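In: Following is a predicted model, sequence given first.
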Amino acid sequence: MPGQNQAEEQFSPPVFILVKGEAPVGWFLFNGEKMTIGRDPTNDVQIESVTCSRVHAKIYLGNGKTVIEDCNSTNGTYINKKKIKKATPLEHLDRVYIGGTEWLIYIDKESLEPNPFLLIEN
């Protein structure tokens, strides 16, 4: 589209799938706007856990990639069980751990088989 830079045109909004074991139990779609995750109800994604800080992490678009950054949380933010120390781009099938929760990241939504939206009960 004219007027957009190449990074914006290539952005594919990922699906964050909350998993318990390997079973999906919830999800949200990152739309490219900055989002916060934490225990406080004012966050875009609220995690009700004592191991989750009030504002634990933020997700935003950086150079055409979805980036997650820890917000000086008490217990840290982890990608694939490694604690992140700075803003880190997310990759397809990364596992993000925040406040006792595990999120599976799907950037290539065409590879979702079976469709997690059909598996998750509200």
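Out: Right, received. Where do you want to start? Numbering: from 1, shown residues only.
In: Find the residue closest to the most centrally placed residue in the chain in space, skipping its chain neighbours.
Out: The structure's the chain has its C-alpha centroid closest to residue 16; by Cα atoms, centre = their mean the separation is 4.9 Å. In space, residue 16 comes closest to residue 103 once its chain neighbours are excluded; the distance is 4.7 Å by Cβ to Cβ, 6 or more residues apart in numbering. Any C-beta I mention is one placed from the backbone N, CA and C, and that applies to glycine too.
In: Who does that neighbour form a beta bridge with?
Out: Going by DSSP bridges, residue 103 is paired in beta bridges with residue 18, residue 96.
In: and it, what is it in contact with?
Out: 16-19, 95-97 (Cβ atoms under 8 Å, 6 or more residues apart in numbering).
In: show me where this protein has helices.
Out: In the chain, the helices defined using DSSP state H lie at 6-10, 116-119.
In: measure residue 13 to residue 64 for me?
Out: Per Cβ to Cβ, to the nearest Å, residue 13 is found 12 Å from residue 64.
In: Of these two, which one has the most company?
Out: residue 64 (15 against 12; other Cβ atoms under 10 Å).
In: and the more buried one, how far is that from residue 32?
Out: 10 Å.
In: Equivalent analysis for residue 105, please.
Out: To residue 32, residue 105 is 15 Å away according to Cβ to Cβ.
In: The two: which is more packed in?
Out: residue 105 (19 against 15).
In: Pass me the low-pLDDT residue ranges in this protein, would you?
Out: By pLDDT under 70, the weakly predicted segments of the chain are 1-11, 109-122.
In: do that again at 80, thanks
Out: The model of the chain has pLDDT under 80 over residues 1-12, 108-122.
In: can you map out the strands along it?
Out: For the chain, the strands defined by DSSP state E occupy 15-20, 23-29, 35-38, 45-46, 57-62, 65-70, 77-79, 82-83, 88-89, 95-98, 101-106.
In: Would you mind finding the most buried of the ones you listed?
Out: Mean neighbours per residue, mean count of other Cβ atoms under 10 Å, is largest over those for strand 35-38, with a mean of 22.
In: what's in contact with that one?
Out: With contacts defined as Cβ under 8 Å, 6+ apart, strand 35-38 is touched by 43-47, 52-60, 71, 73, 98-99.
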